Structure formats: C-alpha cells, structure tokens
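Participant: Fold the following and give me the result.
(chains A and B)
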Amino acid sequence: MNEQLTIHEAHGLLKAKKLSSVELTQDCLKRIKEVEPRVKALVSTTEELALKQAEKADKRLAKGDTNPLTGIPVVLKDVLCTKGIKTTCSSKMLENFVPPYDATVVEKLNDCGAVTVGKANMDEFAMGSSTEHSAFFPTHNPWDLDRVPGGSSGGSAVAVAADECVFSLGSDTGGSIRQPAGFCSVVGMKPTYGRVSRYGLVAFASSLDQIGPLTKDVTDCALVLNAIAGFDNRDSTSVPEPTPDYTKCLDGDLKGLKLGVPKEYFVKGMQPEVEEALKDAIAKLEEIGASVDWNVSLPSTPNALAVYYIIAPSEASANLARYDGVKYGFSYKDTESMWEAMEKTRQYGFGEEVKRRIMLGTYALSAGYYDAYYLKAQKVRTLIRREFDAAFEKYDALVTPTSPTIPFKIGEKLDDPVQMYMSDVCTLPINIAGVPGISIPAGFGNGLPIGMQIIGKPFGEETILKVAYAYEQATDWHKMRSKI
Amino acid sequence: MPALKGGCYNDSIMKLSREEVLHIARLARVGLTDEDVDRLREQLSDILENFEILQKVDTTDVPPTAQSIPLQNVTKDDAVDPSLPQEQILANAPRKEGQYFRVKAVLE
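Facilitator: Numbers count the residues shown, from 1 in each chain, chains lettered A, B, ... in the order given. Next comes the predicted model:
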C-alpha cells in the first residue's frame, strides 16, 4: 500500500527509517504489474534502473540526505529525453530512439535522487486530448476503463491516479497536463512559459510547450516544482527569474485574495454536472475567505481555439520537419529516390493526427495564407494576453473549469477532430497567454472526476498554489481513489 | 506554385481541392494515399471553417505576439562547451558510413 503515499508522506517515512526506497519502489513495480494490463499507462517500465536508483537513494538517505524527492518513484512522459532509455513520443517514428542525453528536468530529478520506474504513454508527439492517438495503444481511465484519461499526458495522469508511482512529469502545450489531471482526479500544473527548462523535451509547439508536475496533492506539486523550476542556459527561452520555495505559500489563508470567474469559460455545450461542480467549488473558495467576482469577462476567449489551432500546428510543422529518416528514427529504405524516401518515411512514421496537424500548419504558413492565418492568429494572441494582463490588475487569480466535460468514451471523438479539439477549450488560452495554470480535483459527476483550473499572472505560481492548497484542505476530493 | 482556391476571405468556405491537399502534402513532404487525400479534404476544410471567426476580429494597430516572455536576443558567451562524442550522435542513424550519416543521392 506504500505506493498510495504522497511525496511528503513517503519522505517522512523514509527520513524516519520506517520505509526504504527499495521497498517503496518494489511496491510501485508490483502495482504496475497488477494494474498495467488494464490501464496501459506506460510505454516502458524501467525496473532494473529503478532498483539501482533506489539502492543509491537509500545510501543517500542513510547519510542524512533530506531532499524531499530522494528515493521517490516517478514516471516520466515519454516525450522527455532519458539518456540510454528509449524515448518514443508514442510514435512509430521514434519507436527505437535512444537519446544520448537527459532532459534538464530529468537531470534535476536524478540529482535529487528520484527513482524512475517508467515512461508514460501519450498522444503521439503530444498531439491530442485523449491518449488515443498513441501509435502503440490507448490508455484507459482508472475511474472507468471504457473512458479516456484525457491527453496528451494521459499516461502520466493515470500512472499517478492508479498509484503506479508517487508522482509524474508531463508536458502541456494546450492543456496536456491539466486536462488529463482533471479527468483522472489528480493535481497537474502548467508553469509559466519560461519557468521550467524545455531542454530535452521533444518539441511540439515551441512558444507554447512547458513541462510540469502531476501529483497526488498540492503540497507534492510545490515540491516537484521546487525541483524542476529555474533558469537553464541550454534553453534560451528559460527565464532568469529567481525560484522561490513554493511550499512557503501553502498556508491555507485566502483572506484578502481576490478571485475572478471569467464567464466565457462556461461555454455552450458544457455538461451541467461540470458547471454545477464548479459553482460549488468556487462557492467553497468564497466560504473559506476569498472574495470572488463571479462576473469577469475575457471577451477574446471564444477566439482562443482558432488561434491555438493555427499557431500550434504551424510551429509543429516546422519542428517536425526534422524527422526525415536520416539522423534518427524510422527510415523508409526501399527506394533509390531521396524525396520518395523522405515522403514515405513521414507517411509511415507519423500517425493520422500528426499528419493532419503538419498539413494544417504547412497550409497556414504557405505563401498567400501566412498573413490571413498565422499573422492574424499572432495578433489575436496579443489581444488575449492583454485581457489576462488587465484581469490580473484586478484579481490575484482566475478560476474556471478545467474541461467542459467529464471523461468521454474511448472512440467517441476519434473521428471528429473539431470535437476533440473542443476538449481543451478552457486550457489552451492559458498557453497562448503564457501564464501558469493548475488543475485540482473539484468533485465528481456520474462518478467521474471534474477538475477546477486556477490561473495566475506570469510567474504567479505561488498564488495559484496557495488557492489550490486552501481548497484542498477544505475538501476531500484529493483523497478519493478509483477502484482499479 | 498552383493558384490556391478556398481561403479565408470568401463568404462561404469552399472545400479544399484534391490539388490543394496534394500541394500542401508536397510542401510538407508527407506521402498520402488517395484515401488520405479524401479524408484530409473534409477534415482540413472543417477545421479551416472554424478559423473564420478570427477574420471578424479587429486587429488594426495590434502587433503580433510570437512568444509570451519579455526576453529578446538571448546570446551566449562565445566559449567552447563540451559536446557529445560523434559515435553517440551517430548511434541512432538509420544508415551511416564511417563517421557520416549516409543519405540517398541528392543530385542524379
């Protein structure tokens, strides 16, 4: 049962010598064997490495190491480069790719003495909202195995929700950490763009991508952010801002805090149980001391979906041009022509959704369409950011649903890209603006998880953690476990 | 480049033609089956229709945002850093010869 522990609980036991990292790691590995056939959250399990790292962690702990992540089992989304360990992006293109270096966040976790137990399944190249676009297999939601866990970090969310690990890392370009966190009833944060180094994160849309934690509670989220945040000279978009101790703001005190509820996030087509749960959750925030303005307006919100689905595929089409079958990855060899080899490599190496987005991005950037699509989207992006800036002059944080629906059935939206894209309608404006957002468990509808999103000003992670922590202390949603 | 039809200033969106889809596929160097072309004509047209909403937004005098942080012109000291050994870089190469990536003939 140790695998159910949070980071801070496990750390207490490790420090008191009531538990060893090897025991904790073995419990996670056992749990993986037990539930993995049903949830399919992992692309690979790194048992041998994990046990070695756990032994090393136990030695560090014996010497009095007090790092909160020492000896704690983690699952990494398979978009994060791990030296000597396959990093597939759940794509046939990178099925056998073994990176020669670690991502900065992986290096940081290794330095803390964290224990890698596996790599998580995802929508191919992080493009999707359900993890059904994995080239290998779909991941199942532990709350209802017939339903999706969200995406693209669905494997990372399920690994935490099903206790296959104590925490995980994901990446978020338009909601890929927060939406699956909401769908699986775990905590997931997308930090401010530039807060966490993207070095070694396989690129999807470079102006939107950000790495973040998925955890069992808010305290753990702060602990992981402490470990991964900070400037990195290998990522020229990481920001040289000082990194505070994010656990310091977890005091449960909301007195004097002003929260805003942007009405545009309660979109047409939102399921009534989601709306109801959110209104209850926001009322709870009011009850425990925050002042809430229920009638905030961010009028550009309805334009965010179009802005996102122009900018993200455009950047993706450029980033994914590197997969040409020459330097690494899948390579079609059965031809003498260079161009045919390249086209067939990309035809057979990429899945449907990835090809769809490459095509969309290429179209939006092509001659005659650049101004009408890409440039226009960048201008509307400015308007969206300005509205957030104006709102944060009046409010300390904004509160919205994480997704307009509860987890949907596997297969339900697979053939309808536009419907699938709608699943991120509440999360993607946050990436467009580059501000931080966190999703925390906020209730259930028909027995399925509902997430609440708290949005902060740039580098305002402390405020959203503070609000999230206060809500968590006043509710029990985060303690509920699926019956998997 | 062939003249593209459709596009975003028309009152009603015309479905992308087969030629347009094939032209984009060629720019992106993605091979497509006939079935793919038919499906993408539908799906891309559908998605593009949802972009029309932006044409109604007044962006006069609004500068574009390429990224959301205030950093500009980030430069690095001109110092030599350690780099990865050649054999590690070549380890994932589908085809190599000696210390080189092997490619198919570019000029025939």
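
Participant: chain center to stretch A:302-319, what's the gap?
Facilitator: Relative to its parent chain, stretch A:302-319 has a centroid offset of 18 Å by C-alpha atoms, centre = their mean, to the nearest Å.

Participant: same check, this time on stretch A:262-282
Facilitator: Centroid separation for stretch A:262-282 versus its chain: 22 Å, with C-alpha atoms, centre = their mean.

Participant: Nearest the middle, which residue of the chain would you pick?
Facilitator: All of this is about chain A. Geometric centre of chain A, nearest residue: residue A:177, 1.9 Å, by C-alpha atoms, centre = their mean.

Participant: Can you look at chain B instead?
Facilitator: Centroid-nearest residue in chain B: residue B:28, 6.0 Å away (criterion: C-alpha atoms, centre = their mean).

Participant: Next one: the residue nearest to the centre of chain A from residue A:160, what distance?
Facilitator: Distance from residue A:177 to residue A:160, counting by C-beta to C-beta, to the nearest Å: 11 Å. The way it works is simple: take the backbone N, C-alpha and C, and place the C-beta from them, glycine included.

Participant: Now the common contact residues for the two.
Facilitator: Residues touching both residue A:177 and residue A:160 by C-beta atoms under 8 Å, 6 or more residues apart in numbering or on different chains: residue A:214.

Participant: hang on, residue B:32 packs against residue B:25?
Facilitator: Yes - at 5.0 Å, residue B:32 counts as touching residue B:25 under the criterion of C-beta atoms under 8 Å.

Participant: Spell out which parts of the stretch 351-484 of chain A neighbour chain B.
Facilitator: For the stretch 351-484 of chain A, the residues in contact with chain B (C-beta under 8 Å from any C-beta of the partner chain) are A:355-356, A:358-360, A:362-363, A:366-369, A:372-373, A:375-383, A:385, A:417-418, A:421, A:432-435, A:458.

Participant: Could you pick out the buried ones from the residues you listed?
Facilitator: A:355-356, A:358-360, A:362-363, A:366, A:369, A:372-373, A:376-383, A:385, A:417, A:421, A:432-435, A:458 (16 or more other C-beta atoms under 10 Å in any protein chain shown).

Participant: Show only the entries of those found in strands.
Facilitator: With strands defined by DSSP state E, no entry of these lies inside them.

Participant: So which helix or strand of chain A has the lowest pLDDT on average?
Facilitator: Taking mean pLDDT, DSSP states H and E as the measure, the helix or strand of chain A with the lowest value is helix A:417-422, at a mean of 88.

Participant: what's near enough to touch the closest residue to chain B within chain A?
Facilitator: Going by C-beta to the nearest C-beta, chain B is nearest to residue A:434 of chain A, at 2.5 Å. Each residue near residue A:434 by C-beta under 8 Å, 6+ apart is listed here: A:192-194, A:385, A:458, B:67-69.

Participant: same question, residue A:19
Facilitator: Counting by C-beta under 8 Å, 6+ apart, residue A:19 touches A:2, A:10, A:13.

Participant: helix, strand or coil for the residue of chain B found nearest chain A?
Facilitator: Ranked by C-beta to the nearest C-beta, the top residue of chain B for proximity to chain A is residue B:68, at 2.5 Å. Here residue B:68 is recorded as coil under DSSP: H, G, I helix; E, B strand; the rest coil.

Participant: what's the nearest residue to it if we skip its chain neighbours?
Facilitator: residue A:434 (2.5 Å; C-beta to C-beta, 6 or more residues apart in numbering or on different chains).

Participant: same thing with residue A:158?
Facilitator: Nearest non-adjacent residue to residue A:158, counting by C-beta to C-beta, 6+ apart: residue A:41, 3.9 Å away.

Participant: Look up how far residue A:128 lies from that neighbour.
Facilitator: From residue A:41 to residue A:128 the distance is 15 Å (C-beta to C-beta).

Participant: ok, and for the longest helix along chain B, which residues are buried?
Facilitator: Counting by DSSP state H, the longest helix found in chain B is helix B:34-51. Neighbour-count burial for helix B:34-51 flags B:36-37, B:39-41, B:43-45, B:47-48, B:50-51 (criterion: 16+ other C-beta under 10 Å).

Participant: export whichever strand or helix holds residue A:27 as PDB, just CAs?
Facilitator: Per DSSP states H and E: residue A:27 is located in helix A:21-39. Extracted C-alpha coordinates of helix A:21-39, given in PDB (Å, rounded to 0.1, in the frame of the first residue of the first chain):
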ATOM      1  CA  SER A  21      13.300   3.500  -1.100                       C
ATOM      2  CA  VAL A  22      13.800  -0.100  -2.400                       C
ATOM      3  CA  GLU A  23      10.600  -1.200  -0.600                       C
ATOM      4  CA  LEU A  24       8.700   1.800  -1.900                       C
ATOM      5  CA  THR A  25      10.000   1.200  -5.400                       C
ATOM      6  CA  GLN A  26       9.200  -2.500  -5.300                       C
ATOM      7  CA  ASP A  27       5.600  -1.700  -4.200                       C
ATOM      8  CA  CYS A  28       5.200   0.600  -7.200                       C
ATOM      9  CA  LEU A  29       6.700  -2.000  -9.500                       C
ATOM     10  CA  LYS A  30       4.300  -4.600  -8.100                       C
ATOM     11  CA  ARG A  31       1.400  -2.300  -8.600                       C
ATOM     12  CA  ILE A  32       2.500  -1.600 -12.200                       C
ATOM     13  CA  LYS A  33       2.400  -5.400 -12.900                       C
ATOM     14  CA  GLU A  34      -1.000  -5.600 -11.300                       C
ATOM     15  CA  VAL A  35      -2.900  -2.800 -12.900                       C
ATOM     16  CA  GLU A  36      -0.900  -2.100 -16.100                       C
ATOM     17  CA  PRO A  37      -2.800  -4.700 -18.200                       C
ATOM     18  CA  ARG A  38      -6.000  -2.800 -17.500                       C
ATOM     19  CA  VAL A  39      -4.900   0.900 -17.700                       C
END
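
Participant: could you point out which element follows it?
Facilitator: Helix A:21-39 is succeeded, C-terminally, by strand A:42-45 (DSSP H and E).

Participant: Pull the residues that contact that following strand.
Facilitator: A:29, A:32, A:36, A:75, A:78, A:85-86, A:88, A:90, A:117-121, A:134, A:136, A:155, A:159, A:164.

Participant: Which elements pack onto the helix or strand following that strand?
Facilitator: Next helix or strand after strand A:42-45 toward the C-terminus (DSSP H and E): helix A:47-62. The contact analysis (3 or more C-beta pairs under 8 Å, 6 or more residues apart in numbering or on different chains; DSSP states H and E) places helix A:47-62 against helix A:21-39, strand A:115-120.

Participant: Excluding residues flanking it in the chain, which one is nearest residue A:375?
Facilitator: residue B:64 (5.8 Å).

Participant: Could you count how many residues lie near the closest residue in space to residue A:140 that isn't next to it in sequence?
Facilitator: Take residue A:140 and drop its neighbours on the chain: the residue closest to it by C-beta to C-beta, 6+ apart is residue A:39, 5.0 Å away. By the criterion of other C-beta atoms under 10 Å in any protein chain shown, residue A:39 has 25 neighbours.

Participant: What separation do you get for residue A:39 and residue B:72?
Facilitator: For residue A:39 relative to residue B:72 (C-beta to C-beta), the value is 45 Å.
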